[in-house]
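>>> Generate a structure from the sequence data that follows.
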Amino acid sequence: MPARSTRKTKTTQSGGRSSGSKASAKKKTTQSGGRSSGSKASAKKKTNARGGQRPGKRPTGPPRKRKPAAGKGRRPRRIEAEADPRGERLQKVLAAAGLGSRRKCEELILAARVDVDRAVVTELGTRVDTARQEVRVDGVALPKTKLAYFVVNKPDGVICSNSDPSGRPRVIDLMPTQDVRLFTVGRLDLHSEGLIILTNDGELANKLTHPRYGIQKVYRVLVAGHPTRELLGQLRRGIHLAEAFVRVPSIAIKSRNKQSTVLEMVLEEGRNREIRRVLAGIGHKVLRLVRMSVGPLKLGELQPGETRRLRGDEVRALQEAVRQERRTSNASKLD
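Numbers count the residues shown, from 1 in each chain. Next comes the predicted model:
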């Protein structure tokens, strides 16, 4: 009997130790759970700090821009001037001052080369009032100039560019006066002849040359050989050039010689050497090319190398032609 009592007592003590072990294990589990909860809370805090992304993944959204260090990589101050209903668009003002076409003037603005009242402007469409604001390009104030319009009968061997490192004769050299900066409206290649407009009105120049306005240019072309009507019909339907598929809206035979043919062609856009290239595409070389008219303006009796100032009614006719073609284009889109 004493032995049994001792064995029971040991069992009880062992059970106590077992209960203690369970309690200790439970306590450790609780503590571990607490640490796990803390880890989850910490991870959640990190997740929230990263904009809702899990740790180890890149955050979404645009990257944050770092501010440049003082004195390093700073750009000139830019402004977005408030629209002034009394003013004109900045690119139009630049074009009117003879700095080039409207598109060229837009490039000047985007390149941060233009400032208004000593603040750089890079916003296209900004309106300015030249009567009370100073506009400068590359630090030079715009001169106060009046719009001028001239027509020239360009001879063979004269270039349309205002600058030529080779020193070839330029259309601008044919002008009677050099006190106004002018540029050509469109181009004729070196060996092409005929009507070309010179002006400092960049807005009108852009409209006369942009395909969107569809201003027609008429050309008299002398070609080698006798192109058939089927080949001319092919040009009306369209022909592939290296950069695009082009059509000649109108082409007609004016006369035939023994070894050549005189054609009259009408274009609404002028790609580089387009007439020469499309005719070469059907096997007929251009021997001579003369532009006869641009919209309502005709070459008339103007001799090669001669120039004259456009009359007011001629300028208004060009402006009206641009407006009319624009309305026609918009109406056709609606149809």
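>>> Under the pLDDT cut-off, which ranges of the stretch 1-150 of the chain? List them.
Segments of the stretch 1-150 of the chain classed as low confidence (criterion: pLDDT under 70) are 1-87, 131, 144-145.
>>> hang on, isn't F150 packed against R311?
No. If you go by CB atoms under 8 Å, F150 and R311 don't touch, sitting 11.3 Å apart. Bear in mind the C-beta positions are built from the backbone N, C-alpha and C, glycine included.
>>> When these two are compared, which one has more neighbours?
F150 (21 against 10; other CB atoms under 10 Å).
>>> and that one, what does it touch?
Residues near F150 by CB atoms under 8 Å, 6 or more residues apart in numbering: 175, 182, 197-199, 307-310.
>>> and what of I159?
Neighbour list for I159: 168-171, 190 [criterion: CB under 8 Å, 6+ apart].
>>> do D201 as well
95-96, 147-149.
>>> L208 now?
185-186, 197, 215, 294-295, 318, 322.
>>> Report the mean confidence score over the helix or strand harbouring V315.
V315 is part of helix 312-334, with elements assigned from DSSP states H and E. Averaging pLDDT along helix 312-334 gives 79.
>>> Check the contacts of L208 for the minimum pLDDT and say which it is.
Among those, G186 has the lowest pLDDT, at 88.
>>> thought that residue was touching T209?
Yes. Counting by CB under 8 Å, G186 does reach T209; the two are 4.7 Å apart.
>>> Mind checking which of the contacts of L208 are in strands?
Residues of these located in strands (DSSP state E): 197, 294.
>>> Turn the contacts of L208 into CSV, including distance to I253 and neighbour count.
CSV is the format used below for the contacts of L208 (distance: CB to CB, whole Å; neighbours: other CB atoms under 10 Å):
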residue, distance to I253, neighbour count
V185, 29, 25
G186, 26, 17
I197, 28, 25
I215, 24, 25
V294, 23, 23
G295, 24, 21
L318, 29, 22
V322, 31, 20
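>>> Tell me which two in the contacts of L208 are the farthest apart.
Of all pairs drawn from the contacts of L208, the greatest distance, 13.7 Å, lies between G186 and V322 (CB to CB).
>>> still on that earlier bit, export the contacts of F150 to TSV and tack on distance to V221 and secondary structure?
Converted to TSV, these look like this (distance: CB to CB, whole Å; DSSP: H, G, I helix; E, B strand; the rest coil):
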residue	distance to V221	secondary structure
M175	27	coil
L182	27	coil
I197	20	strand
L198	23	strand
T199	26	strand
T307	24	strand
R308	25	strand
R309	29	strand
L310	26	coil
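>>> gap between H210 and K217?
13 Å (CB to CB, to the nearest Å).
>>> Pick out whichever of the two has more residues nearby.
Neighbour totals were compared for H210 and K217, and K217 leads with 21 against 16 (other CB under 10 Å).
>>> Can you tell me the SS state at K146?
Look at K146: counting by DSSP: H, G, I helix; E, B strand; the rest coil, its state is coil.
>>> Please apply the same query to Q91.
Quick answer, by three-state DSSP: Q91 is helix.
>>> That concludes my questions; thank you for your assistance.
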